[in-house]
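Trainee: Need coordinates for the following:
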Amino acid sequence: MAELVPLSEGIAELVRDGDTVALEGFTHLIPFAAGQEVVRQRKRDLTLVRMTPDLIYDQLIGAGCARKLIFSWGGNPGVGSLHRFRDAVQHGWPVPLEVEEHSHAGMANRYVAGASGLPFAVLRGYAGTDLPGQTATVRTIECPFTGERLAAVPALNPDVTVVHAQRADRRGNVQLWGITGMQKEAVLAAKRSLVTVEEIVDELEPRPGAMVLPSWAVTAVAEAPRGAAPSYAAGYYDRDNDAYQAWDAVSRDRAAFTAWLEELA
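Mentor: Predicted coordinates:
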């Protein structure tokens, strides 16, 4: 059964220096509060994994938490580049960042393989791109039945996955709805998992289209109201578009970012 813990305790116990960490969420339910707690606790040498790293990964990279990023797209949605990400790759500030780039389909299939207990995934993808030449974790294999050449990618099994959801009950069963991305697969693929939620309730009410992560599949749950802001949580609050635009100016300048980092601490 998942343990109910304060957010700071959950991060301290589950996210360890040198870990491979996935903070998943697609357009909404992005675990900003958890990611910023990782920054506050000065975790280091992390391999960060995410299909679409955005502001929270820019913050983690800029804070020096990451040594490697495994991803399929990175940017400030609707605004532009992630400038702390660019600075780390191009200039090694604050520490050099290794990158491993995949397609969305490749990343999704890697999570599915990890959640399924398989060593790798096979897909029709990457053909006509230069990613196989740049990414060692993309290989070509031959189908033993048809002879077709296919792409193979290794399973993703993070040391810890962190996601945000709308609510959980006191037994640690988690309920989330809206655009859910690969949260379920990322949790099931991980050795440990932390779910932050808007609220903890006595009982989960049935909701059409909602996904439930059962308590046995989750290591810990932490209540974190507005834990996805400035992204949004369906049924709770909207996306703060102004915050995404404001981040562009903060992240462009090392001094402005350092001031933001000091204020966060």
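Trainee: ok, which stretches of the stretch 1-150 of the chain are helices?
Mentor: Counting by DSSP state H, counting those that start in this stretch, the stretch 1-150 of the chain has helices at residues 7-14, 32-40, 55-62, 83-91, 104-116, 131-134.
Trainee: Take those helices and lay them out in TSV including mean neighbour count.
Mentor: (Glycine included, C-beta is placed from N, CA and C.) Below are those laid out as TSV (neighbours: other C-beta atoms under 10 Å):
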stretch	mean neighbour count
helix 7-14	19
helix 32-40	22
helix 55-62	25
helix 83-91	19
helix 104-116	22
helix 131-134	13
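Trainee: and these, which one's lowest on average pLDDT?
Mentor: Note on these: helix 131-134 shows the lowest mean pLDDT, a mean of 90.
Trainee: Which among the helices of the stretch 1-150 of the chain is found nearest to residue 228?
Mentor: helix 32-40 (5.9 Å; C-beta to C-beta).
Trainee: May I see the domains of this protein written out as residue ranges?
Mentor: 3-101+161-264, 104-154 (automatic domain parsing).
Trainee: Out of the ones you listed, which is the most enclosed?
Mentor: Of all the domains of the chain, domain 3-101+161-264 has the most neighbours on average by mean count of other C-beta atoms under 10 Å, namely a mean of 19.
Trainee: chain center to that domain: distance?
Mentor: 5 Å (C-alpha atoms, centre = their mean, to the nearest Å).
Trainee: Now tell me which helix or strand of this protein has the poorest mean pLDDT.
Mentor: helix 131-134 (a mean of 90; mean pLDDT, DSSP states H and E).
Trainee: what comes into contact with that one?
Mentor: 101-103, 106, 126, 138-140, 151 (C-beta atoms under 8 Å, 6 or more residues apart in numbering).
Trainee: What is the most widely separated pair among those residues?
Mentor: 101 and 140 (17.0 Å).
Trainee: which residues touch residue 57?
Mentor: 23, 35, 48, 50, 66, 69, 71, 74, 82, 85.
Trainee: go again using 10 Å as the cut-off
Mentor: 23, 30, 35, 48-50, 65-66, 69, 71, 74, 82, 84-85 (C-beta atoms under 10 Å, 6 or more residues apart in numbering).
Trainee: Equivalent analysis for residue 2, please.
Mentor: 168-169, 171-174, 193-195, 213-221.
Trainee: now the nearest residue to it once chain neighbours are set aside, what's its secondary structure?
Mentor: Of all residues not flanking residue 2 in the chain, residue 172 sits nearest, at 2.7 Å (C-beta to C-beta, 6 or more residues apart in numbering). Here residue 172 is coil, with the state taken from DSSP: H, G, I helix; E, B strand; the rest coil.
Trainee: Distance check, residue 172 against residue 200.
Mentor: Applying C-beta to C-beta, to the nearest Å, the value for residue 172 to residue 200 is 9 Å.
Trainee: Common neighbours of the two, please.
Mentor: Residues touching both residue 172 and residue 200 (C-beta under 10 Å, 6+ apart): 4, 221.
Trainee: Need the CA coordinates for the strand or helix carrying residue 195. CSV is fine.
Mentor: Per DSSP states H and E, residue 195 falls inside strand 192-201. The C-alpha coordinates for strand 192-201 follow below in CSV (Å, rounded to 0.1, in the frame of the first residue of the first chain):
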residue,chain,number,x,y,z
ARG,A,192,9.8,3.6,-7.0
SER,A,193,7.1,6.2,-7.5
LEU,A,194,5.8,9.3,-5.9
VAL,A,195,2.4,10.8,-6.8
THR,A,196,1.5,14.3,-5.7
VAL,A,197,-2.2,15.1,-5.6
GLU,A,198,-4.4,18.2,-5.3
GLU,A,199,-6.2,16.6,-2.4
ILE,A,200,-6.5,13.5,-0.4
VAL,A,201,-10.1,12.3,0.1
